[in-house]
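> sequence first, then the predicted structure:
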Protein chains: 2
Amino acid sequence: MKKHNFSAGPCILPQEVLQQSSEAILNFNNSNLSIIEISHRSKDFVAVMDRASALALELLGLENKGYKAIFLQGGASTQFLMTAYNLMESKAAYLNTGTWASKALKEAKLFGEVIEVASSKDQNFNYIPKNYAVPSDADYFHCTSNNTIFGTQIKSFQSIDIPMVCDMSSDIFSRQLDFSKFDLIYAGAQKNMGPAGTTLVVVKEAILGKVTRVIPSMLDYRVHIEKESMFNTPAVFAVYVSMLTLEWLKNLGGISAIEAINNKKSALMYGEIDRNPLFTGFANKEDRSHMNATFNLIEGANQALFDELSKVAGINGINGHRSVGGYRASMYNALPLESVEVLVNVMKEFERKS
Amino acid sequence: MKKHNFSAGPCILPQEVLQQSSEAILNFNNSNLSIIEISHRSKDFVAVMDRASALALELLGLENKGYKAIFLQGGASTQFLMTAYNLMESKAAYLNTGTWASKALKEAKLFGEVIEVASSKDQNFNYIPKNYAVPSDADYFHCTSNNTIFGTQIKSFQSIDIPMVCDMSSDIFSRQLDFSKFDLIYAGAQKNMGPAGTTLVVVKEAILGKVTRVIPSMLDYRVHIEKESMFNTPAVFAVYVSMLTLEWLKNLGGISAIEAINNKKSALMYGEIDRNPLFTGFANKEDRSHMNATFNLIEGANQALFDELSKVAGINGINGHRSVGGYRASMYNALPLESVEVLVNVMKEFERKS
């Protein structure tokens, strides 16, 4: 049975990327060798790494603007500490919009003073704080563009005078932004870019090298930039699949093309959440994420029936995170509009049968 | 044409593991979902992680002895700093047997005093130092069991009074040892275990929690142990392929069975290096690695001819590392004896035609 994969991450990838990846496990580039048994220093893999980095910069519109794109390991969780290790001399400002933002903030505290400029914890992170001030004497400002767990998303970013660092793990490459506003963007691959196991970091080189602390090699962005993501053996397969996915996105027309599709998907999804009397949305309307729609059943609704109808329709991965409960439909780049249509039809059917 | 893959790492994996991995990219466990698009918290993947950890302990004979096996990211290079971060209060002792040992030593210096107990740098690391003293007041002793670049391997390990940490990246699961001599073993997956992108750490829990420094979450072994390698999203695919490879090894008869095969391969290889007047071995005979045979052509030999004969025979990845030059035949667990026979035949043919 065909599955409709709404997983929050690791999540759905384009079908053609899965096909190509599966073939490359047996025979990469007609070499009669597997992509996972060749040297990372072979000509063929160096070309993959170069292409992946170039595509990332191209899609973000950050070519020739002083940025470098590198592929690291350790997920966004390692970036929580690397950003602080590399950028915090005395204090930094953090916007707290959810679980991941809180974790970033917690790790940064090991390296200096952390100023929480605003938090939406008072409402279980169901909104994005606005009108907060970012102290101009902080070493950097850190924010999280999309909150996977709570289903909120920052819609507009301030222009500030200090370096802006953004965790874009769950919405990178999904919508057009002026990415040059940011000085460091990081993203675990496992939403819109590829499989779990590699993390994209796009950083303006000029902000590096300003702290006095000694940085261990593996945590030093400059080391990885100098070695073009090959200081040590990279996550070969994860980078390869990321390259394929970025190529797929480029062929589709890039970020603006996928944004139009993503907007259609989220309009359809939220339209039904708002229309259907058996469901309520969790996040503040103006802050709703285009990637993760969080919603609950109204009290007394027949949860078992909804779950059964979803299952029969091949819907996968819509259970909400334990911090929110209810449901979460993640609609990353590779999720077809058709899958949202199927889910919406299940919601309508549930209404009829309730 | 069939390839004989002597790559130093990432390297050859068992053909049946590649087959299964390729299939799981399209359809994992008959779920109609890809292994790389499912949640790492799904029941099916949690079972993979549990099985991989259990197999690692079982194969090493370390079940029920106070050890935990965890799968991290960042390669052995991240372990260079994590071991020091977690274990060094004031000073540590390091054995310097090559490039990787030197890098481990360099990172440790950021955290305290490092005592180099012995080094073979004077002879370009072509031997393993012996008869050195390990200071009993050091926080731990660190060594590297196999030196991929130079082709040397520690054949016997001292019993010492302080924790023993060993980088076994390039020979783990290849030979029987009393693994309970070690308190912490780490290994990048990409030699005998799986694809690049995950690192196995096997650690005796009792040695943790003794340092006073605060450890960032992602660098703290205790955090990863408590969360059973799921503190953050693990490298799902790399762990899955590692599990398949460990299962393959177990079905083959475990470490003692593969050791017998590995001994045959290395005996054949070194036998020819020693017999053939056109080649000389690089490493000190008694310290020769069973995993990586390093050798050079004698002066005046026709390199172009040897390279051409190798190529025609489908031999891949035998160029030596730039630090040593010449050739390196890596004979990891998954390399069939047949491939060594093919290489040895090429060496003989080269002798006849020279």
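Arrived safely. These figures come from a predicted structure and were not determined experimentally.
> secondary structure class for residue A:277?
Per DSSP: H, G, I helix; E, B strand; the rest coil, the local secondary structure of residue A:277 is coil.
> check contacts around it.
Counting by C-beta atoms under 8 Å, 6 or more residues apart in numbering or on different chains, residue A:277 makes contact with A:298, A:351. From N, CA and C alone the C-beta is placed, and that goes for glycine too.
> one more time with 10 Å, if that's ok
The neighbours of residue A:277, taking C-beta atoms under 10 Å, 6 or more residues apart in numbering or on different chains as the test, are A:298, A:301, A:351, A:354.
> which parts of chain A are strands?
Counting by DSSP state E, chain A has strands at residues A:4-5, A:67-72, A:91-96, A:113-119, A:141-144, A:146-147, A:152-153, A:164-167, A:184-188, A:199-204, A:279-281, A:292-297, A:315-316, A:327-330.
> tally of neighbours for the residue in the stretch 201-350 of chain A positioned nearest to chain B?
Closest contact between the stretch 201-350 of chain A and chain B, by C-beta to the nearest C-beta, is at residue A:235 (3.5 Å). Neighbour count of residue A:235, defined by other C-beta atoms under 10 Å in any protein chain shown: 33.
> do the same with the one 3 residues further on
Residue A:238 is flanked by 30 other residues according to other C-beta under 10 Å.
> what about it, distance to residue B:42?
Going from residue A:238 to residue B:42 by C-beta to C-beta, to the nearest Å gives 19 Å.
> where in the stretch 51-200 of chain A is pLDDT low?
Across the stretch 51-200 of chain A, no stretch falls below the confidence threshold (pLDDT under 70).
> that one against chain B: which residues are in contact?
Near chain B, the residues belonging to the stretch 51-200 of chain A are A:72-82, A:84-85, A:100, A:103, A:106-111, A:169, A:188-190, A:194-199 when assessed by C-beta under 10 Å from any C-beta of the partner chain.
> weed out the non-buried ones from these.
A:72-82, A:84-85, A:100, A:103, A:107-108, A:110-111, A:169, A:188-190, A:194-199 (16 or more other C-beta atoms under 10 Å in any protein chain shown).
> and the helices in chain A, which stretches?
Taking DSSP state H as the criterion, chain A carries its helices at A:15-26, A:43-60, A:75-87, A:99-108, A:221-226, A:236-252, A:254-275, A:303-312, A:337-353.
> of all the ones you listed, which gets the most neighbours per residue?
helix A:75-87 (a mean of 25; mean count of other C-beta atoms under 10 Å in any protein chain shown).
> got the residues of the stretch 251-354 of chain A near chain B?
Residues of the stretch 251-354 of chain A lying near chain B by C-beta under 10 Å from any C-beta: A:314, A:316, A:317, A:319, A:332, A:334.
> what is the nearest of the residues you listed to residue B:20?
The closest of those to residue B:20 turns out to be residue A:316 (C-beta to C-beta; 22.1 Å).
> tell me what that closest one is bridged to.
Applying DSSP bridges to residue A:316 yields these beta-bridge partners: residue A:5.
> contacting residues for it?
A:3-7, A:12, A:310, A:339, B:31-33, B:37-39, B:42.
> would you map out the domains in chain A?
As recorded under automatic domain parsing, the domains making up chain A are A:15-252, A:255-353.
> any chance of those in TSV, with distance to residue B:160 too?
Below are these laid out as TSV (distance: least, C-beta to C-beta, whole Å):
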stretch	distance to residue B:160
domain A:15-252	26
domain A:255-353	46
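> one step back: kindly give a single PyMOL line that selects the buried subset of the contacts of residue A:277.
Of the contacts of residue A:277, the buried ones go into a single PyMOL selection, burial set by 16+ other C-beta under 10 Å:
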select buried, chain A and resi 301+351
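> farthest pair in the contacts of residue A:277?
The widest separation within those (C-beta to C-beta) is 11.1 Å, between A:298 and A:351.
> what is in contact with those two at once?
Any residue near both residue A:298 and residue A:351 by C-beta under 10 Å, 6+ apart counts here, and that gives A:276, A:277, A:278, A:279.
> for the residues you listed, give me a markdown table that also has pLDDT.
Below are those laid out as a markdown table (pLDDT from 0 to 100):
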| residue | pLDDT |
| --- | --- |
| A:276 | 98 |
| A:277 | 98 |
| A:278 | 98 |
| A:279 | 98 |
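> so which of the residues you listed is the closest to residue B:49?
Comparing the shared contacts of residue A:298 and residue A:351 against residue B:49 with C-beta to C-beta picks out residue A:279 as the nearest, at 34.0 Å.
> who are the neighbours in contact with that closest one?
Residue A:279 sits next to A:272-273, A:295-298, A:301, A:306, A:326-327, A:347, A:350-351 when contact means C-beta under 10 Å, 6+ apart.
> one more time with 8 Å, if that's ok
Residues in contact with residue A:279 (C-beta under 8 Å, 6+ apart) are A:272, A:273, A:295, A:296, A:297, A:298, A:347.
> quick one on the thing from earlier: right, and the strands of chain A - which one's nearest residue A:218?
Across the strands of chain A, residue A:218 has its closest neighbour in strand A:67-72 (8.6 Å, C-beta to C-beta).
> just the CA trace of that closest one, in PDB.
These are the backbone C-alpha positions of strand A:67-72, laid out as PDB (Å, rounded to 0.1, in the frame of the first residue of the first chain):
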ATOM      1  CA  TYR A  67      29.900  32.700   2.700                       C
ATOM      2  CA  LYS A  68      31.100  29.100   2.800                       C
ATOM      3  CA  ALA A  69      28.900  26.000   2.900                       C
ATOM      4  CA  ILE A  70      30.300  23.000   4.800                       C
ATOM      5  CA  PHE A  71      28.900  19.600   5.700                       C
ATOM      6  CA  LEU A  72      29.600  18.400   9.300                       C
END
